[in-house]
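Engineer: Any chance you can model this:
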Amino acid sequence: MKLHWLVRFLFGPVPVYFSALAILIVLTNAQYFGLVGVGVAPRAAKLASSTPVVSVMKYCDIFRGEWVPDPDAPYYTHKTCHMIQEHQNCLKYGRPDLGFLKWRWRPSGCELPRFDPLQFLQFVRHKSLAFVGDSLARNHMQSLLCLLSQVAYPKDVSANPTDQNKVYHYRAYNFTISMFWSPFLVRAREPEHDGPAHTGHWSLYLDEPDDKWVSQIGRFDYVLVSAANWFSRPSLFYEKRRLIGCSFCSRQYGVPDLTLYYSQRRAWRVALRAINDLENLRGRVIVRMLSPMSHFENGTWDHGGDCRRTQPLRANETAMEGRDLHFYEAQMEEFRAAERAAREKGRRLMLMDATAAMLMRPDGHPSRYGHWPNEKVQLYNDCIHWCLPGPIDIWNDMLFQMLLA
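Structural biologist: Next up is the predicted model:
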């Protein structure tokens with residue numbers, strides 16, 4: 001009898017109920033029990049919003065504003081999204097300050113709607129989106145993949161899983177995201193000998209758009225083009241297949257140092273003209289302006305420079321200058337010329353001018369938190385790319401608004 005009573009006491013319905021209840025309380029409040037480093041806002045219950053998504057861009061400049069506190073952020077972490085590039089996986093590699101996650105972008109004249117992954121996927125059903133550019137384009141794409149992971153994961157249908165070019169398909173929505181790796185937007189040849197400091201000279205054919213992406217984007221509904229940072233690498237400039245100049249070069253080539261500003265402007269002009277010249281272009285093209293390269297402090301990127309700030313700057317605390325300003329002005333001038341040409345053809349070329357917002361976020365970079373502290377790697381402090389999750393997630397708030405406009 002005593003044994004029978006003991007079994008009923010331990011495994012009866014009442015103790016099982018209270019045990020299950022205790023486990024549920026612990027799991028749903030894991031961040032308060034110290035079981036996880038940073039909590040993820042429970043958005044899943046809010047995703048099926050009945051409020052129709054509309055663009056605020058008709059009456060508001062979404063690209064000018066300030067960063068304001070967002071206690072609900074982040075909306076994913078490295079534990080809920082496995083599609084983060086290792087070097088941008090700041091939480092995984094132990095970044096100690098997490099306050100940089102708790103901010104959102106507020107335009108001066110309106111509230112920028114938060115990215116709603118379910119409504120986004122419903123909007124892009126039976127459509128396709130292409131990212132064209134460098135590792136920051138990939139950074140942007142992976143931010144989008146992680147935001148969408150709150151609802152669905154895609155299948156990687158890339159022709160070569162190890163290649164920089166990627167294709168992801170969301171079967172339930174028949175939506176495809178592609179990445180075309182083209183860091184210069186024009187045809188380029190890698191240096192035969194390079195190293196961690198990237199001293200080898202690239203060969204850039206500045207009058208030849210990169211056919212790897214130009215020949216493909218006509219079939220996409222949306223195309224997002226960007227490039228800037230790679231023009232800072234030593235390069236040889238070719239036009240009409242003839243060497244005409246270089247950047248970061250000596251007299252050994254017998255041509256003048258035309259500087260990186262020449263190649264950056266020429267490449268943008270040729271790439272945007274190639275887009276306008278496409279006869280079969282059916283979709284909307286969005287051009288994203290540069291992401292700041294000026295957040296290194298106390299040294300350049302290859303001489304100990306770092307980015308260790310822990311919170312955003314305000315608009316009146318920073319100003320664009322130097323290389324960022326030169327690149328930005330050239331990009332804007334070339335975009336305006338291409339925009340006029342597109343309008344004459346009855347097309348629409350759109351501008352994602354996120355530079356000012358990102359200039360205020362020197363706190364959002366991986367710095368040294370893209371690898372384990374004791375790991376022997378030949379990497380510099382990264383003040384170019386963005387932590388995921390992190391400030392770059394607002395690029396997708398902006399992107400959705402632009403698709404809706």
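Engineer: if I look at G99, how far off is S149?
Structural biologist: Using CB to CB, to the nearest Å, G99 is found at 23 Å from S149. Glycine gets a C-beta too; all of them are placed from N, C-alpha and C.
Engineer: Neighbour count for the two, which is higher?
Structural biologist: S149 (17 against 11; other CB atoms under 10 Å).
Engineer: show me where the stretch 201-350 of the chain has strands.
Structural biologist: 202-209, 222-225, 235-239, 242-247, 284-288, 349-352 (DSSP state E, counting those that start in this stretch).
Engineer: So what touches the second one?
Structural biologist: It refers to strand 222-225. Applying CB atoms under 8 Å, 6 or more residues apart in numbering, the contact partners of strand 222-225 are 124, 127-133, 137, 140, 185, 217, 271, 275, 283-288, 352, 399, 403.
Engineer: Please convert the buried members of those residues into ChimeraX selection syntax.
Structural biologist: Buried members of those, defined by 16 or more other CB atoms under 10 Å, are picked up in ChimeraX with:
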select :124,128,129,130,131,132,133,137,140,185,217,271,275,283,284,285,286,287,288,352,399,403
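Engineer: Helices - which of the contacts of strand 222-225 land there?
Structural biologist: When DSSP state H defines the helices, the subset of those inside them is 137, 140, 271, 275, 399, 403.
Engineer: got the angle for the particular helix or strand that has S143 in it vs strand 284-288?
Structural biologist: Using DSSP states H and E, S143 sits within helix 135-148. Here the directions of helix 135-148 and strand 284-288 differ by 120 degrees (axes from the mean of the first three to the mean of the last three CA atoms, to 10 degrees).
Engineer: so where's the protein shaky on pLDDT?
Structural biologist: 1-52, 193-199, 373-379 (pLDDT under 70).
Engineer: so where do the helices sit in it?
Structural biologist: Using DSSP H, helices in the chain cover 2-11, 13-28, 117-123, 135-148, 211-214, 260-277, 322-344, 355-359, 394-404.
Engineer: measure H295 to M320 for me?
Structural biologist: H295 is 12 Å from M320, by CB to CB.
Engineer: Which one's more surrounded, those two?
Structural biologist: Using other CB under 10 Å as the criterion, H295 and M320 rank with H295 on top: 24 against 17.
Engineer: Please report how far that one lies from C383.
Structural biologist: Distance from H295 to C383, by CB to CB: 4 Å.
Engineer: what residues are shared contacts of these two?
Structural biologist: Each of 307, 362, 365 lies in contact with both H295 and C383 under the rule CB under 8 Å, 6+ apart.
Engineer: Would you enumerate the residues in contact with the first one?
Structural biologist: With CB under 8 Å, 6+ apart as the criterion, the residues that contact C307 are 295-297, 362-363, 365, 367, 381, 383.
Engineer: just to revisit the earlier point, the strands of the stretch 201-350 of the chain into TSV, with extra columns for distance to E333?
Structural biologist: Shown next, in TSV, are the strands of the stretch 201-350 of the chain (distance: least, CB to CB, whole Å):
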stretch	distance to E333
strand 202-209	17
strand 222-225	16
strand 235-239	19
strand 242-247	20
strand 284-288	12
strand 349-352	12
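Engineer: Select, out of the ones you listed, the one closest to L260.
Structural biologist: Closest approach to L260 among the strands of the stretch 201-350 of the chain (CB to CB): strand 242-247, 4.5 Å.
Engineer: helices or strands up against that closest one?
Structural biologist: On a contact count with 3 or more CB pairs under 8 Å, 6 or more residues apart in numbering; DSSP states H and E, strand 242-247 meets strand 235-239, helix 260-277.
Engineer: Figure out which of those is closest to G109.
Structural biologist: Among the helices and strands packed on strand 242-247, helix 260-277 comes nearest to G109, with 28.8 Å by CB to CB.
Engineer: Show me what the helix holding S143 is packed up against.
Structural biologist: helix 117-123, strand 128-133, strand 166-170, strand 175-181, helix 394-404.
Engineer: Just name the most buried of these.
Structural biologist: Compared across those, strand 128-133 shows the largest average neighbour count, a mean of 24 (mean count of other CB atoms under 10 Å).
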